[in-house]
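Asker: Below are the sequence and a predicted model; questions follow.
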Amino acid sequence: MSVVPAEVLPGSALASDERPRRAAAELGPRARLWPSLAAVYRAQLSRARVARIPLLFVATFQSVGILIMMRGVVDGSGSQAEAVVAGSSILVVAFVALNLLAQYFGQLRASGGLDHYATLPVPPAAVVLGAAGAYASFTVPGTLVTAVFGCVLFGLPLTNLWILIAVIPLAGAALAGLGAALGLLAPRPELATLLGQLGMSAALLLGVLPPERMPELVRVARDLLPSTYGVEAYARTFSGSTEWAYVLGDLAVCAGVGVISLAVATWAYRRAAVR
């Protein structure tokens, strides 16, 4: 006859003491926002570097082509030239941060890629902000090239290019949040692509063309577009007596829209990830 030790019997005191100790085992701490954001940003940046650089050349070439075309339409100086140069520069941001990000999240949702992020201990805000930041970062070279080319083509000063250090991230945040929200809320990836294209077309038509020649209804629609305030902030710096209060006001609007659009995109990510 074999003897079973008392400590392994189900009803023994030792076995009952063992269960709480095993159940009390703690899981690892949830990843914090900023380290998670940095990790997602680096991963998205390295992943998009190969796939998106050709499209960045397309965005830059498109904006430079618009500058050349508009040079034969508007005067070589004045507010119209300033609007064209500023609008063409911010159009690069709209193409990448709005259009491409809407397509990316639309495809990610359709292919089940959101399930991968949902299994990771990463806050939803880190996924949205990391991807948006990575895509917005790709707009910097094309925006600078377009701005320098436009200033030389229209004879505008290059002294205020430094304002793009503030315009690109703030306008990029507003447009990237909008693009991410469109991609996550669209029921199909084809619709996400369509919405991204429409948003970029709106940035082209309402941001590049001088507002003085637009009807009142179109001006109202222009004021509703987040990229408009980035265009206005950059265009105001070309004048000799820059009204910096208006420039800061336009940048504040971009920042506010960016916070709201990224918050909506984060909510849309949580909504899409649980389905």
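Answerer: Structure's in. What do you need?
Asker: tell me which element residue 64 is part of?
Answerer: helix 33-71 (DSSP states H and E).
Asker: Correction: the previous question concerned residue 255.
Answerer: Going by DSSP H and E, residue 255 is in helix 244-273.
Asker: How about that helix, which residues are buried there?
Answerer: 247, 250-251, 253-255, 257-258, 261-262, 264-269, 272-273 (16 or more other C-beta atoms under 10 Å). Where C-beta positions appear, they are placed from N, C-alpha and C, glycine not excepted.
Asker: Please enumerate the helices of the stretch 51-200 of the chain.
Answerer: 79-93, 101-110, 113-118, 124-137, 139-154, 164-185, 189-208 (DSSP state H, counting those that start in this stretch).
Asker: just to revisit the earlier point, from the chain's centre, how far out does the helix holding residue 255 sit?
Answerer: 10 Å (C-alpha atoms, centre = their mean, to the nearest Å).
Asker: pLDDT score for the residue sitting nearest the centre point of the chain?
Answerer: In the chain, the centroid-proximal residue (C-alpha atoms, centre = their mean) is residue 176; its distance is 1.9 Å. Residue 176 carries a pLDDT score of 92 in this model.
Asker: cool, and residue 169?
Answerer: So residue 169 comes in at 92 (pLDDT).
Asker: OK, contacts around the residue lying closest to it once chain neighbours are set aside?
Answerer: In space, and not counting its chain neighbours, residue 169 is closest to residue 136: 6.7 Å by C-beta to C-beta, 6 or more residues apart in numbering. Neighbour list for residue 136: 93, 96-97, 168-169, 172-173, 175-176 [criterion: C-beta atoms under 8 Å, 6 or more residues apart in numbering].
Asker: which one among those gets closest to residue 204?
Answerer: residue 93 (11.9 Å; C-beta to C-beta).
Asker: Need the nearest residue in space to that closest one, chain neighbours excluded.
Answerer: Per C-beta to C-beta, 6+ apart, closest to residue 93 is residue 139, 4.5 Å.
Asker: how close does the one you found sit to residue 146?
Answerer: 10 Å (C-beta to C-beta, to the nearest Å).
Asker: just residue 79 next, same as before
Answerer: 19 Å.
Asker: Neighbour count: these two, which is higher?
Answerer: More crowded of residue 79 and residue 146, by other C-beta atoms under 10 Å: residue 146, with 26 against 16.
Asker: ok, residue 262 touching residue 173?
Answerer: Yes. In this structure, residue 262 is within contact of residue 173 by C-beta atoms under 8 Å, at 6.5 Å.
Asker: what touches both of those two?
Answerer: residue 132.
Asker: low-scoring stretches of the stretch 51-200 of the chain, by residue?
Answerer: For the stretch 51-200 of the chain, the stretches with pLDDT under 70 are 51-52, 76-77.
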